[in-house]
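Student: Next come a sequence and a model predicted from it.
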Amino acid sequence: MSLRQKPTARGKGLAPPTKSCVVGRSWAVSINGCRLWRQVPNGSRTLCRKREADTGGPSLPVPAQSLPQGRGPGPLAGAAAGRLAERSGARRGRRPAAPPPQAAGWRVRPRPARRAAAAAEREAPGRAMPAGGAAAAGRAVALLRAGRVPFAAAQAAQERCVRLQRALPAGAAPAGRLLLWEPAGPVFTAGLRGGAAPGEERRLRALGAGFERLRRGGLLTFHGPGQLVAFPVLDLRRFGLPLRAHVDALLRLAAAACRALGLPRARALPPPRTGLWLGDRKLCALGVHCGSHITSHGLALNCCTDLTWFDHIVPCGLEGTKMTSLSQELQRHVSVEEATEPFLAAFQDVFKCTLITVPEDSEVPP
């Protein structure tokens with residue numbers, strides 16, 4: 001015990017303290033009358049952020065047994081403690097701290113209860129939600145259906161979309177553009193992390209496929225006929241999304257489209273397994289780029305793709321990865337056209353937007 005006075009009984013018969021103190025597991029008020037301390041099992045002292053009022057309550061300390069678990073004490077400052085606080089403030093040249101009006105009967109709410117109350121407030125009906133919530137349901141995204149085009153044409157269309165989106169004034173429509181297309185021929189692409197060893201490009205080109213190095217995340221992968229490729233060009237500021245949340249939204253989008261097509265078990269796996277998986281088989285590849293809050297590139301969903309092309313590479317740098325497609329998993333032919341409508345419905349649901357069709361020739365070069 002660190003006081004000069006000694007209690008006659010625990011928590012009782014103690015004169016008003018002249019310094020902050022702890023008696024066993026009891027509470028004590030500091031000399032300025034604005035801090036409460038309690039002793040924790042390891043012997044350290046924890047500050048309870050609680051102002052007190054001169055309510056004429058009991059003098060301190062108060063036995064810890066009378067305090068609810070996880071709560072600080074109520075308005076425990078007595079008249080003596082209040083006078084000590086005033087004298088202390090006068091000696092230090094400070095104005096005594098005024099007690100808050102709600103001090104009488106005020107209690108510290110436990111942390112779990114505060115979290116639950118905050119969650120209930122966020123979900124309360126009629127509350128204005130942040131960007132990305134239900135209040136953003138009227139956000140417009142231009143939809144470009146390019147159809148089956150060469151990779152170079154789709155890449156040029158994406159770059160044009162990015163330029164147009166960056167040139168828009170703040171708040172102007174549309175909030176983004178969604179470019180949907182199907183590769184007209186086989187092509188291997190490498191991301192910013194590489195994945196193609198020296199001489200790898202020549203070997204892959206010798207197979208009759210194209211080869212492109214792109215400014216996107218990820219490693220080496222394949223694009224070809226039978227793939228639904230989506231390039232969302234979105235202003236993340238308009239959607240209230242950080243880049244990591246945008247990637248998660250793309251994965252939820254692909255999973256929702258697969259559920260609508262009859263594959264409810266498709267899901268994302270922890271790193272380094274990127275994309276969408278069915279067990280140990282990869283169904284959808286993902287790689288994005290973001291500059292000045294504008295995204296590009298996106299995902300490729302295997303619908304009826306010739307999966308033998310993947311045998312020539314290590315897909316996404318994951319040794320032993322088995323690739324699959326919607327047709328292989330559903331044991332029937334699933335075309336890109338069949339997968340497009342569920343994909344678009346899932347896109348509007350995940351990104352809380354409205355898709356507006358744009359004529360192909362206005363964005364996609366020949």
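Tutor: Now that the structure is in, tell me what you want to look at.

Student: When you work out contacts or count neighbours from here on, use the C-alpha atoms and nothing else.
Tutor: OK.

Student: Give the bridge partners for the residue nearest to residue 146 when sequence neighbours are not counted, please.
Tutor: Leaving aside its sequence neighbours, residue 146 sits nearest to residue 181 (CA to CA, 6 or more residues apart in numbering; 5.0 Å). Residue 181 has the following beta-bridge partners by DSSP bridges: residue 147, residue 229.

Student: Please verify my assumption that residue 181 contacts residue 224.
Tutor: No - proximity of residue 181 to residue 224 does not meet the contact threshold set by CA atoms under 8 Å, at 10.7 Å.

Student: ok so, going back, give the contact list for the residue nearest to residue 146.
Tutor: Contacts here follow CA atoms under 8 Å, 6 or more residues apart in numbering; on that basis residue 181 touches 145, 146, 147, 148, 149, 154, 228, 229, 230.

Student: Let me know the distance separating it from residue 144.
Tutor: 8 Å (CA to CA, to the nearest Å).

Student: And residue 209, by the same measure?
Tutor: From residue 209 to residue 144 the distance is 26 Å (CA to CA).

Student: More neighbours: the two, which one.
Tutor: residue 144 (25 against 17; other CA atoms under 10 Å).

Student: how about that one, secondary structure?
Tutor: With DSSP: H, G, I helix; E, B strand; the rest coil as the basis, the three-state label of residue 144 is strand.

Student: do residue 333 as well
Tutor: When the rule is three-state DSSP, residue 333 gets the label coil.

Student: Quick check: it touching residue 325?
Tutor: No - at 9.9 Å, residue 333 does not count as touching residue 325 under the criterion of CA under 8 Å.

Student: can you list the domain ranges for the protein.
Tutor: Per the record, the chain has its domains at 1-108, 135-362, by automatic domain parsing.

Student: quick one: average pLDDT of the last one?
Tutor: Looking back up the chat, that one is domain 135-362. For domain 135-362, the mean per-residue pLDDT is 90.

Student: cool, and the first one?
Tutor: Mean pLDDT, computed over domain 1-108, is 46.

Student: Identify all residues paired with residue 176 through a beta bridge.
Tutor: residue 141, residue 234.

Student: these two touch, right, it and residue 165?
Tutor: Yes - here residue 176 reaches residue 165: they are 6.7 Å apart, a contact under CA under 8 Å.

Student: Give the residues shared as contacts by the two.
Tutor: Common contacts of residue 176 and residue 165 (CA under 8 Å, 6+ apart): 233, 234, 235.

Student: Most neighbours among these, please name it.
Tutor: residue 233 (30 neighbours).

Student: quick one: it and residue 293 touch, right?
Tutor: No - using CA under 8 Å as the test, residue 233 is too far from residue 293 to be in contact (9.9 Å).

Student: Could you check which of residue 333 and residue 325 is surrounded by more residues?
Tutor: residue 325 (24 against 14).

Student: got the contact list for the residue nearest to the more buried one when sequence neighbours are not counted?
Tutor: Spatial nearest neighbour of residue 325, excluding adjacent residues (CA to CA, 6+ apart): residue 302 at 4.7 Å. Applying CA under 8 Å, 6+ apart to residue 302 gives the contacts 226, 227, 228, 283, 284, 324, 325, 326.

Student: As TSV, the residues you listed with distance to residue 259 and secondary structure would be great.
Tutor: What follows is the contacts of residue 302, written out as TSV (distance: CA to CA, whole Å; DSSP: H, G, I helix; E, B strand; the rest coil):
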residue	distance to residue 259	secondary structure
226	19	coil
227	17	strand
228	16	strand
283	13	strand
284	13	strand
324	16	coil
325	14	coil
326	11	helix
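
Student: Of the residues you listed, which pair is most distant in space?
Tutor: 228 and 324 (13.7 Å; CA to CA).

Student: which of the two has more neighbours?
Tutor: Neighbours per residue, other CA under 10 Å: of residue 228 and residue 324, the larger number sits with residue 228, 27 against 23.

Student: The more buried one is in contact with residue 341, isn't it?
Tutor: No - in this structure residue 228 lies outside contact range of residue 341 using CA under 8 Å: 11.2 Å.

Student: which among the contacts of residue 302 gets closest to residue 197?
Tutor: Nearest to residue 197 among those, counting by CA to CA, is residue 284 at 23.5 Å.

Student: The closest one touches residue 278, doesn't it?
Tutor: No - contact between residue 284 and residue 278 fails when scored by CA under 8 Å: they sit 9.7 Å apart.

Student: Who has more neighbours out of those two?
Tutor: Taking neighbours as other CA under 10 Å, residue 284 and residue 278 compare with residue 284 leading, 28 against 19.

Student: Any idea what the more buried one is bridged to?
Tutor: residue 276, residue 301.

Student: Name all residues that make contact with it.
Tutor: 254, 275, 276, 277, 299, 300, 301, 302.

Student: any idea how far residue 269 is from it?
Tutor: 12 Å.

Student: cool, residue 139 as well?
Tutor: 30 Å.
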